[in-house]
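Enquirer: Here is a sequence with its predicted model. Questions after.
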Amino acid sequence: MTRLAGTVALVTGASSGIGRSTALELARQGAAVAVVGRREDRLSDLASAISDAGGQAAVVSADITDADAAADAVDRAVESLGRLDILVNNAGLMLLGPAPGADLNDWRRMIDINLMGLMYCTHAAIPHLVKAAADGPRQVADIVNIGSLAGRMAFGMSAVYCATKFGVGAFSEALRQELTRQHVRVSVIEPGSVDTELRSHNLPAVQEQIAAGIGGIERLQGEDIADTVGYIVTRPRHVAVAELLVRPTEQA
Ligand code: NDP
């Protein structure tokens, strides 16, 4: 399937989980993909997998919590692949625990990547996306933000993670309203529990608590969210999917 032939996508947090699956899916649909993250070895493996399957990828290693580095990452992607039609803001961090007595550094780290990193990349990408919507093969461009179920409902032990993801929802909707006439669609996907490395940054006791909270259900895979991204960006030009909440069937 090559519905994205001639387009260029940039996926943040492509070195693992949902981002890796999304980069593979967009490449499968014909997009050239710039893969962004800090772990360059993982990004190189991914780029090889994409090119082995006949696609095109550019490795862009960057820590996008730095505004200049995020802008530079977007510039490098456009320089390597020639344009930018699709931005998938996926990079994120989830550090859970009680708010009283929490390490403020953990809170800052989540805000820096889940909100600021997403905003820095978006800010840098908008001029390219507006141009792509005007002169691109699809006459439309996309920003897909990976929010969370925790951006719809707040849970104890997740105060700041939820705050960042509610923020992603608010930012996405406001931006969507601003970019309608330029044919840049802004979408937010809110996944439930996905089997990735996301939990692994927490202390073992917290990881056990998260697992117990979810129960022994069959979780989503990164590919399930990648498939959702693929659906959103292949809608006809006049159809904008603003928001999608995707849960594992067994998740209450
Ligand atoms: P992973 O931990 O597998 O992926 C997170 C990605 O973010 C990594 O590729 C990491 O790359 C990247 N990242 C983190 N910090 C930075 C940084 N400073 N600069 C650049 N990249 C960074 O988890 P998921 O795939 O699950 O997470 C992807 C998104 O999905 C996140 O926004 C998460 O909040 C959201 N989500 C996940 C859910 C789940 O259950 N897994 C549920 C709901 C939402 P690197 O370390 O190489 O920089």
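Expert: Done, it's in.
Enquirer: contacts and neighbour counts: CA atoms only from here.
Expert: Will do.
Enquirer: who in the stretch 151-252 of the chain is up against the ligand?
Expert: 191, 192, 193, 194, 195, 196, 197, 198 (C-alpha under 6 Å from any ligand atom).
Enquirer: Now residue 147: closest residue in space, sequence neighbours ignored.
Expert: Excluding the flanking residues, the one nearest residue 147 by C-alpha to C-alpha, 6 or more residues apart in numbering is residue 190, at 4.8 Å.
Enquirer: quick one: contacts for that neighbour?
Expert: 146, 147, 148, 149, 150, 151, 152, 243, 244, 245, 246 (C-alpha atoms under 8 Å, 6 or more residues apart in numbering).
Enquirer: Check which helix or strand it maps to.
Expert: Using DSSP states H and E, residue 190 sits in strand 184-191.
Enquirer: Parallel or antiparallel, list what pairs with that strand.
Expert: strand 141-146 (parallel), strand 243-246 (parallel) (DSSP bridges).
Enquirer: could you dump these to a markdown table with distance to residue 252?
Expert: Output for those, formatted as a markdown table (distance: least, C-alpha to C-alpha, whole Å):
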| stretch | distance to residue 252 |
| --- | --- |
| strand 141-146 | 20 |
| strand 243-246 | 12 |
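Enquirer: So which of those strands is nearest residue 60?
Expert: Among the strands paired with strand 184-191, strand 141-146 comes nearest to residue 60, with 18.3 Å by C-alpha to C-alpha.
Enquirer: do that closest one and the ligand meet?
Expert: Yes. On the criterion C-alpha under 6 Å from any ligand atom, strand 141-146 is in touch with the ligand at residue 146.
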